[in-house]
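Novice: Generate a structure from the sequence data that follows.
(one chain, ligands or ions: 1)
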Amino acid sequence: MVVEAVASEAAAARKHTEVAVGILVRHDGALLLSTRPPGKPYAGYWEFPGGKLEVGETVEQALRRELVEELGVAIGPAEVWKVTEHDYPHALVRLHWCKVHAWTGEFEMREGQAMAWQQLPLDVSPVLPGAYPVLQWLSEERGIAFVPPESDS
Ligand SMILES: Nc1nc2c([nH]c(=O)n2[C@H]2C[C@H](O)[C@@H](COP(=O)(O)OP(=O)(O)OP(=O)(O)O)O2)c(=O)[nH]1
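Specialist: Residues are numbered from 1 along each chain as shown. Sure thing, here's the model as predicted:
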(Lines give C-alpha, C1' and ligand atoms only; values in the text may rest on other atoms or scores of the structure.)
Protein backbone atom coordinates (compact mmCIF):
# COMPACT_ATOMS: atom_id res chain seq x y z
CA MET A 1 0.00 0.00 0.00
CA VAL A 2 1.23 3.49 -0.86
CA VAL A 3 0.68 4.93 2.62
CA GLU A 4 2.67 2.10 4.21
CA ALA A 5 5.49 2.54 1.70
CA VAL A 6 5.70 6.24 2.50
CA ALA A 7 5.66 5.52 6.23
CA SER A 8 8.45 2.95 6.01
CA GLU A 9 10.56 5.27 3.85
CA ALA A 10 10.10 7.98 6.46
CA ALA A 11 11.17 5.55 9.19
CA ALA A 12 14.21 4.48 7.16
CA ALA A 13 15.21 8.12 6.68
CA ARG A 14 14.81 8.94 10.36
CA LYS A 15 18.09 9.89 11.91
CA HIS A 16 19.45 7.91 14.84
CA THR A 17 20.12 9.64 18.12
CA GLU A 18 23.39 8.21 19.44
CA VAL A 19 23.36 7.43 23.15
CA ALA A 20 26.16 6.27 25.47
CA VAL A 21 24.98 4.05 28.32
CA GLY A 22 26.97 2.79 31.29
CA ILE A 23 26.42 -0.55 32.97
CA LEU A 24 28.14 0.08 36.29
CA VAL A 25 28.95 -3.29 37.85
CA ARG A 26 29.75 -3.33 41.57
CA HIS A 27 32.19 -5.88 43.08
CA ASP A 28 29.22 -8.05 44.17
CA GLY A 29 27.74 -7.99 40.66
CA ALA A 30 25.01 -5.45 41.43
CA LEU A 31 24.08 -3.07 38.58
CA LEU A 32 23.32 0.62 38.97
CA LEU A 33 19.93 1.83 37.77
CA SER A 34 18.37 5.24 38.16
CA THR A 35 15.06 6.85 37.35
CA ARG A 36 14.55 9.27 34.49
CA PRO A 37 14.15 12.81 35.77
CA PRO A 38 10.85 14.71 35.53
CA GLY A 39 10.34 16.52 32.23
CA LYS A 40 12.05 13.89 30.05
CA PRO A 41 10.19 11.33 27.93
CA TYR A 42 9.48 8.25 30.07
CA ALA A 43 10.03 10.24 33.28
CA GLY A 44 10.18 7.94 36.29
CA TYR A 45 11.17 4.86 34.28
CA TRP A 46 14.30 3.03 35.45
CA GLU A 47 17.32 3.09 33.15
CA PHE A 48 21.06 2.67 33.12
CA PRO A 49 22.88 6.00 33.45
CA GLY A 50 24.00 7.77 30.29
CA GLY A 51 22.84 10.19 27.64
CA LYS A 52 23.15 11.54 24.14
CA LEU A 53 26.46 12.11 22.41
CA GLU A 54 27.30 15.74 21.75
CA VAL A 55 28.89 16.80 18.48
CA GLY A 56 32.47 15.53 18.17
CA GLU A 57 32.32 13.25 21.21
CA THR A 58 33.24 9.58 21.29
CA VAL A 59 30.99 7.18 23.19
CA GLU A 60 33.51 6.99 26.04
CA GLN A 61 33.81 10.78 26.27
CA ALA A 62 30.03 11.21 26.30
CA LEU A 63 29.62 8.55 28.97
CA ARG A 64 32.33 10.11 31.13
CA ARG A 65 30.66 13.54 30.84
CA GLU A 66 27.13 12.22 31.48
CA LEU A 67 28.15 10.28 34.59
CA VAL A 68 29.78 13.36 36.09
CA GLU A 69 26.72 15.47 35.22
CA GLU A 70 24.14 12.95 36.47
CA LEU A 71 25.89 11.08 39.26
CA GLY A 72 29.05 12.99 40.18
CA VAL A 73 31.38 10.04 39.56
CA ALA A 74 34.45 9.78 37.33
CA ILE A 75 34.55 6.47 35.50
CA GLY A 76 37.59 4.38 34.63
CA PRO A 77 37.97 2.66 31.26
CA ALA A 78 34.77 2.05 29.30
CA GLU A 79 34.62 0.05 26.11
CA VAL A 80 31.55 -0.56 24.02
CA TRP A 81 30.14 -4.02 24.78
CA LYS A 82 26.91 -4.05 22.72
CA VAL A 83 25.09 -1.71 20.35
CA THR A 84 21.29 -1.84 20.16
CA GLU A 85 18.53 0.25 18.62
CA HIS A 86 15.08 1.19 19.81
CA ASP A 87 12.39 3.10 17.96
CA TYR A 88 10.48 5.30 20.41
CA PRO A 89 7.74 7.74 19.40
CA HIS A 90 10.08 10.57 20.54
CA ALA A 91 13.28 9.28 18.88
CA LEU A 92 15.02 6.46 17.08
CA VAL A 93 17.93 5.74 19.39
CA ARG A 94 21.16 3.82 18.92
CA LEU A 95 22.42 2.74 22.32
CA HIS A 96 26.14 2.10 22.86
CA TRP A 97 26.39 -0.03 26.00
CA CYS A 98 29.61 0.02 28.02
CA LYS A 99 30.36 -2.09 31.07
CA VAL A 100 32.14 -0.06 33.73
CA HIS A 101 33.88 -1.72 36.66
CA ALA A 102 35.83 1.22 38.13
CA TRP A 103 34.87 4.73 39.17
CA THR A 104 35.82 7.31 41.78
CA GLY A 105 33.71 9.77 43.74
CA GLU A 106 30.57 9.60 45.81
CA PHE A 107 27.22 9.03 44.08
CA GLU A 108 25.16 12.18 44.10
CA MET A 109 21.84 12.31 42.26
CA ARG A 110 22.41 15.65 40.53
CA GLU A 111 19.16 15.58 38.50
CA GLY A 112 16.85 14.56 41.33
CA GLN A 113 16.74 10.92 40.22
CA ALA A 114 16.40 7.88 42.44
CA MET A 115 19.13 5.24 42.22
CA ALA A 116 19.26 1.57 43.12
CA TRP A 117 21.92 -1.15 43.01
CA GLN A 118 20.16 -4.13 41.57
CA GLN A 119 20.94 -7.79 41.27
CA LEU A 120 19.23 -9.72 38.48
CA PRO A 121 16.36 -10.26 38.16
CA LEU A 122 15.59 -6.58 38.80
CA ASP A 123 13.07 -5.67 41.42
CA VAL A 124 12.42 -2.15 40.11
CA SER A 125 9.94 -1.25 37.39
CA PRO A 126 9.02 -0.01 34.90
CA VAL A 127 12.30 -0.16 32.98
CA LEU A 128 12.87 1.61 29.63
CA PRO A 129 12.06 -0.89 26.88
CA GLY A 130 15.28 0.06 25.08
CA ALA A 131 17.16 -1.65 27.92
CA TYR A 132 15.44 -5.04 27.55
CA PRO A 133 17.98 -6.57 25.11
CA VAL A 134 20.93 -5.89 27.43
CA LEU A 135 18.99 -7.11 30.43
CA GLN A 136 18.45 -10.29 28.44
CA TRP A 137 22.19 -10.65 27.68
CA LEU A 138 23.22 -9.79 31.23
CA SER A 139 20.74 -12.34 32.54
CA GLU A 140 22.02 -15.01 30.14
CA GLU A 141 25.59 -14.35 31.35
CA ARG A 142 24.37 -15.12 34.85
CA GLY A 143 22.19 -18.07 33.94
CA ILE A 144 18.98 -16.24 34.86
CA ALA A 145 15.77 -16.08 32.84
CA PHE A 146 14.59 -12.63 31.70
CA VAL A 147 11.05 -12.12 30.51
CA PRO A 148 10.41 -8.61 29.12
CA PRO A 149 7.12 -7.16 30.33
CA GLU A 150 4.73 -7.16 27.36
CA SER A 151 2.82 -4.03 28.32
CA ASP A 152 5.82 -1.63 28.17
CA SER A 153 7.32 -2.41 24.77
N1 LIG B 1 20.45 6.63 29.66
C2 LIG B 1 19.72 5.68 29.09
N3 LIG B 1 18.99 5.94 27.97
C4 LIG B 1 18.27 4.93 27.48
C5 LIG B 1 18.28 3.64 28.06
N6 LIG B 1 17.45 2.84 27.32
C7 LIG B 1 16.93 3.59 26.34
O8 LIG B 1 16.14 3.23 25.50
N9 LIG B 1 17.43 4.88 26.42
C10 LIG B 1 17.02 5.97 25.53
C11 LIG B 1 16.03 6.91 26.17
C12 LIG B 1 16.30 8.24 25.49
O13 LIG B 1 15.53 8.30 24.30
C14 LIG B 1 17.78 8.14 25.13
C15 LIG B 1 18.65 8.87 26.13
O16 LIG B 1 18.42 10.21 26.00
P17 LIG B 1 18.27 11.22 27.23
O18 LIG B 1 17.21 12.20 26.88
O19 LIG B 1 18.13 10.48 28.50
O20 LIG B 1 19.71 11.85 27.17
P21 LIG B 1 20.31 13.18 27.77
O22 LIG B 1 20.50 12.97 29.24
O23 LIG B 1 21.52 13.49 26.95
O24 LIG B 1 19.11 14.19 27.55
P25 LIG B 1 19.00 15.75 27.36
O26 LIG B 1 18.45 16.22 28.67
O27 LIG B 1 20.35 16.28 27.03
O28 LIG B 1 17.99 15.86 26.25
O29 LIG B 1 18.12 6.76 25.17
C30 LIG B 1 19.02 3.39 29.23
O31 LIG B 1 19.05 2.30 29.80
N32 LIG B 1 19.73 4.46 29.70
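Novice: Stretch 64-80: which residues count as buried?
Specialist: Neighbour counts using 16 or more other CB atoms under 10 Å place 64, 66, 67, 70, 71, 73, 75, 78 of stretch 64-80 among the buried residues. (C-beta placed from N, C-alpha, C; glycine too.)
Novice: My error: substitute stretch 79-88 in the last question.
Specialist: Neighbour-count burial for stretch 79-88 [16+ other CB under 10 Å]: 84, 86.
Novice: Residues in contact with it: which ones?
Specialist: 11, 16, 23, 41-42, 59-60, 92-99, 129-130, 133-134, 137 (CB atoms under 8 Å, 6 or more residues apart in numbering).
Novice: before we move on, what about stretch 128-137?
Specialist: So stretch 128-137 is in contact with 21, 23, 36, 42, 45-48, 82, 84, 86, 88, 93, 95, 97, 120, 122, 127, 146, 148, 152-153, going by CB under 8 Å, 6+ apart.
Novice: mind redoing it with 6 Å?
Specialist: Stretch 128-137 has contacts (CB atoms under 6 Å, 6 or more residues apart in numbering) with 42, 45, 47, 82, 84, 86, 95, 97, 146, 148, 152, 153.
Novice: possible to save those residues as a markdown table with secondary structure and distance to the ligand?
Specialist: Output for the contacts of stretch 128-137, formatted as a markdown table (DSSP: H, G, I helix; E, B strand; the rest coil; distance: CB to the nearest ligand atom, whole Å):
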| residue | secondary structure | distance to the ligand |
| --- | --- | --- |
| 42 | coil | 7 |
| 45 | coil | 9 |
| 47 | strand | 4 |
| 82 | strand | 12 |
| 84 | strand | 8 |
| 86 | strand | 5 |
| 95 | strand | 6 |
| 97 | strand | 8 |
| 146 | coil | 14 |
| 148 | coil | 13 |
| 152 | helix | 11 |
| 153 | coil | 11 |
